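just need the structure, nothing else, for what follows:
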Amino acid sequence: MPTDIEPLARHPKATRPGEKIGLHHSMCYGCGDEAPVGLRITVVAGEGVTTTATMKVEDWMQGGPGVIHGGVLSAAFDEVMGTTPLLLRKPVVTGHLAIDYAKPIPLGSTVHFTCEILGGVGRKIYTRAYAHLGDPDVLVAGAHALFIEIDLEKHFAGYRDKAVHAGE
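From the prediction side, this is the model:
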C-alpha cells in the first residue's frame, strides 16, 4: 500500500448501514440471484466504509475432500471487496487481490466476511477483508486488494451486447 494513501468517505447517497447493497446485475457469478451457478453472496452496508457479507458453502464448491476450493473463496473475497466501494458510489474493477488462507472451510458451513476500505489514491481504492465461520476471533482467511475506479459505459462498451441474460 502506498504511503500517500488518503482516507475515503462514504457517499451521502450510499446504501444505509444494515441494508443490503443492491445487485449490479442479476447474472453476476458473485451476487446474482438469476445466475445458474453462483456464489449468491449478500453484502450488507456497515458503518463508515465497511461491509459484512455471508456465503453458504455448497457441495459444488468443493476443492479438497470436504472443503471449499481456494479459487471459490478467492472469488468470494473479490465479490465482497469489489462491492464495498459502492459505498463511495464508485464502480470498480479488480487490479490486485491477495489472500492468506489460514484454515480449511468445510462444505455446509457459512462463511462470514468483514471488509473495510483502507483509503485511496486517485482512481485506486485499497481494501482489506477477513473471513470466519461464526467466531470473529477465529479467522479462516484474510485478503487485501486494489481496485480501480472505472467509467462503466466506457469500460464495458462492446461487451454489453454479448452479455448472456436469463431467459434468452
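
use CA for all of it now, contacts and neighbours both
Fine.

name the residues that touch the longest helix along the chain?
Longest among the helix segments of the chain by residue count, using DSSP state H, is helix 70-83. With CA atoms under 8 Å, 6 or more residues apart in numbering as the test, helix 70-83 has contacts from 21, 30-31, 39, 41, 43, 51-53, 55, 61, 63, 92-94, 97, 99, 113, 115-116, 127-129, 143, 145, 147.

can you check stretch 38-50 too?
8-10, 15-21, 28-33, 51-56, 76, 79-80, 83-85, 87-88, 114-117.

can you give me the buried ones in it?
Neighbour-count burial for stretch 38-50, counted by 16 or more other CA atoms under 10 Å, picks out 38-46, 48-50.

turn those residues into TSV, including secondary structure and pLDDT.
Compiled in TSV, the buried residues of stretch 38-50 are given as follows (DSSP: H, G, I helix; E, B strand; the rest coil; pLDDT from 0 to 100):
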residue	secondary structure	pLDDT
Gly38	coil	88
Leu39	coil	91
Arg40	coil	90
Ile41	coil	93
Thr42	strand	91
Val43	strand	96
Val44	strand	97
Ala45	strand	98
Gly46	coil	98
Gly48	coil	97
Val49	coil	98
Thr50	strand	98
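
from those residues, which two are the most distant?
Taking CA to CA, the two most distant members of the buried residues of stretch 38-50 are Gly38 and Gly48; they sit 28.3 Å apart.

and the gap between the most centrally placed residue in the chain and Lys154?
Taking CA atoms, centre = their mean, the centroid of the chain lies closest to Val80, which sits 1.6 Å from it. Distance, Val80 to Lys154, by CA to CA, to the nearest Å: 23 Å.

kindly report the same for Pro91.
12 Å.

Val72 too?
29 Å.

tell me which of those two has more neighbours.
Val72 (18 against 8; other CA atoms under 10 Å).

grab the nearest non-local neighbour of Lys90.
What sits nearest to Lys90 in space, not counting adjacent residues and going by CA to CA, 6 or more residues apart in numbering, is Glu149, at 6.2 Å.

revised request: answer the last question for Ala14.
Leu87 (5.0 Å).
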